[in-house]
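Trainee: Mind folding the following:
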Amino acid sequence: MSDATFSPSSRTAPSKAERARPAVAAWLFASAFMVAAMIVIGGITRLTESGLSMVEWRPLMGWIPPLGDAEWQRVFDMYKATPEYTASNFWMTIDDFKTIFFWEYIHRVWGRLIGIVFAVPFLFFLLTGRIERALVPRLVLLFVLGGIQGGIGWWMVTSGLVDEARVSPYRLSVHLSMAFLILGLLLWTALGLVRTPSGGTRGQRIGAGHVLAAVSITVVLGAFVAGTDAGYAYNTFPLMGGRFVPAEYWDADLGWRSLIEHVPAVQFHHRWVAVLTALLTLVFVIRNRPRTEGAAQLALTLLGAMVLVQVGLGIAALLAVVPVWLGALHQAGAVALFSLAVWTRFALRAP
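Mentor: Next up is the predicted model:
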């Protein structure tokens, strides 16, 4: 083999797409941050019971809030025809309505902004040859998932506009799960552009996958807590109604649906799956952190710390009967914990 084989001058120059990797990664991280913020805003919207205040689906004109007294009265009159108003919010004045309208409006506008922040740079990078061909299908998938998520959001809202004065907990869980899926894909793709996996053993990768799965399951169970307002009951810890398993755990009329619709069962599952997830995570971190280095070790350290913070936030929110600010912090903690679990799994990926 000749010396020319090892000469720097003989190396192929990086392509435009390879040189653009940091910029593409920065765009994807920014998109991920906006999705993370969207999840928190959605949590606040739910906690303030604002999600059913906008009864129109206007993908294009929805950017513009009501302008003038006549328009405000029009949208308020539409809200008055909903089950939520007639069942529980009949006392509201138009000024009270404006308060709940604000959070749902911000939630929807932020979702549209995510679409623009994702689509415009994507088209620019694509048309200027700054995206590697192998990456294009995944980015197209992310864009499609974002569009589907908007539809799921409206599908969720409509469940509370007809018969019941609340959104379906099933649809809420689908909506939240899709948001976390999009967040995870964005983070994984961005990390792949700027970081080389530290490389872990097969066992470490499996363990990190189990932690990520456990965190994800806990998040979905949390969606059912939100959908059934289960956080406002049994505001003690660790016992529920003076017992480990609450006496009202099973509702014979609901049957198997008690597991995901009955408040005592829903809260019991979320709180103890969360505890088991925390224990699994801590054991994984303690066993594997000394056997890693670099980014993987940092990710494990932050993951272990964050799971303790998140358990603390969950217990505090429960004991305080879920004030909005604490509930929002708990939602943000779930986002942070999930993101760190994704990073940990990526860092332990085979080089």
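
Trainee: tell me which residues of stretch 156-163 are tucked away?
Mentor: Applying a neighbour-count criterion of 16 or more other Cβ atoms under 10 Å, the buried positions in stretch 156-163 are 156, 157, 159, 160, 161. No exception for glycine: its C-beta is placed from N, CA and C like everyone else's.

Trainee: so which of the residues you listed comes closest to residue 77?
Mentor: When those are compared for distance to residue 77 (Cβ to Cβ), residue 161 wins out at 14.3 Å.

Trainee: Tell me the pLDDT of residue 59.
Mentor: The pLDDT attached to residue 59 in the predicted structure is 66.

Trainee: Out of the buried residues of stretch 156-163, which comes closest to residue 219?
Mentor: Among these, and counting by Cβ to Cβ, the member closest to residue 219 is residue 156, at 16.1 Å.

Trainee: in a helix, that's where that closest one is, yeah?
Mentor: Yes - secondary structure of residue 156 (DSSP: H, G, I helix; E, B strand; the rest coil): part of a helix.

Trainee: For the closest residue in space to it that isn't next to it in sequence, which residues are in contact?
Mentor: Across the structure, with Cβ to Cβ, 6 or more residues apart in numbering as the measure, the residue nearest residue 156 apart from its sequence neighbours is residue 171 (4.0 Å). By Cβ atoms under 8 Å, 6 or more residues apart in numbering, the contact set of residue 171 is 152, 155, 156, 159.

Trainee: Dump those into TSV; add pLDDT as well.
Mentor: Written out in TSV, the entries for these read as follows (pLDDT from 0 to 100):
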residue	pLDDT
152	93
155	90
156	92
159	86
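
Trainee: Just send those residues back as TSV, with distance to residue 191 too.
Mentor: Listed next are the contacts of residue 171 as TSV, based on distance: Cβ to Cβ, whole Å:
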residue	distance to residue 191
152	26
155	31
156	30
159	36
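
Trainee: Just name the closest of those to residue 83, please.
Mentor: Of those, the one sitting nearest to residue 83 (Cβ to Cβ) turns out to be residue 159, at 10.6 Å.

Trainee: In this structure that closest one contacts residue 165, no?
Mentor: No - with contact defined as Cβ atoms under 8 Å, residue 159 does not reach residue 165; the gap is 10.7 Å.

Trainee: Which residue ranges make up each domain of the chain?
Mentor: Domain segmentation of the chain under automatic domain parsing yields 16-168, 195-351.

Trainee: Would you single out the least confident of these?
Mentor: Per-stretch mean pLDDT for the domains of the chain is lowest at domain 16-168 (a mean of 91).

Trainee: From the chain's centroid, how far away is it?
Mentor: Averaged C-alpha coordinates place domain 16-168 at 13 Å from its chain's average position (Cα atoms, centre = their mean, to the nearest Å).

Trainee: same deal with stretch 256-273?
Mentor: With Cα atoms, centre = their mean as the basis, the mean position of stretch 256-273 lies at 20 Å from the chain mean.

Trainee: isn't residue 22 right up against residue 130?
Mentor: No - the pair formed by residue 22 and residue 130 falls short of the contact definition of Cβ under 8 Å, at 10.8 Å.

Trainee: quick one: which of the two has more around it?
Mentor: Set side by side, residue 22 and residue 130 give different neighbour counts by other Cβ atoms under 10 Å, the larger being at residue 130 (18 against 10).

Trainee: Would you mind measuring from the more buried one to residue 146?
Mentor: For residue 130, the distance to residue 146 equals 20 Å [Cβ to Cβ, to the nearest Å].

Trainee: how about JSON lines for the buried residues of stretch 156-163, with distance to residue 12 added?
Mentor: Putting those into JSON lines (distance: Cβ to Cβ, whole Å) gives the following:
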{"residue": "156", "distance to residue 12": "50"}
{"residue": "157", "distance to residue 12": "52"}
{"residue": "159", "distance to residue 12": "55"}
{"residue": "160", "distance to residue 12": "58"}
{"residue": "161", "distance to residue 12": "59"}
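
Trainee: which one of those is nearest residue 210?
Mentor: Comparing those against residue 210 with Cβ to Cβ picks out residue 156 as the nearest, at 29.5 Å.

Trainee: any idea where the helices of the chain begin and end?
Mentor: Applying DSSP state H to the chain gives helices spanning 16-19, 21-47, 69-80, 83-87, 94-127, 136-158, 169-194, 202-228, 258-261, 263-288, 294-319, 324-347.

Trainee: which one of the ones you listed is the most hemmed in?
Mentor: Comparing the helices of the chain on average neighbours per residue, with mean count of other Cβ atoms under 10 Å, the densest one is helix 324-347 at a mean of 22.

Trainee: what angle sits between that helix and helix 263-288?
Mentor: Here helix 324-347 runs at 40 degrees with respect to helix 263-288, directions being taken by axes from the mean of the first three to the mean of the last three Cα atoms, to 10 degrees.

Trainee: from memory residue 278 sits against residue 309, does it?
Mentor: No - checked against Cβ under 8 Å, the pair residue 278 and residue 309 is beyond contact range at 10.3 Å.

Trainee: Once you drop chain neighbours, what's closest to residue 133?
Mentor: If you skip the residues right next to it in sequence, residue 133 has residue 17 as its closest partner in space, 7.9 Å away by Cβ to Cβ, 6+ apart.

Trainee: and the gap between the one you found and residue 192?
Mentor: Distance of residue 17 to residue 192, computed by Cβ to Cβ: 13 Å.

Trainee: Also residue 241?
Mentor: Shown here: residue 241 relative to residue 192, a distance of 48 Å by Cβ to Cβ.
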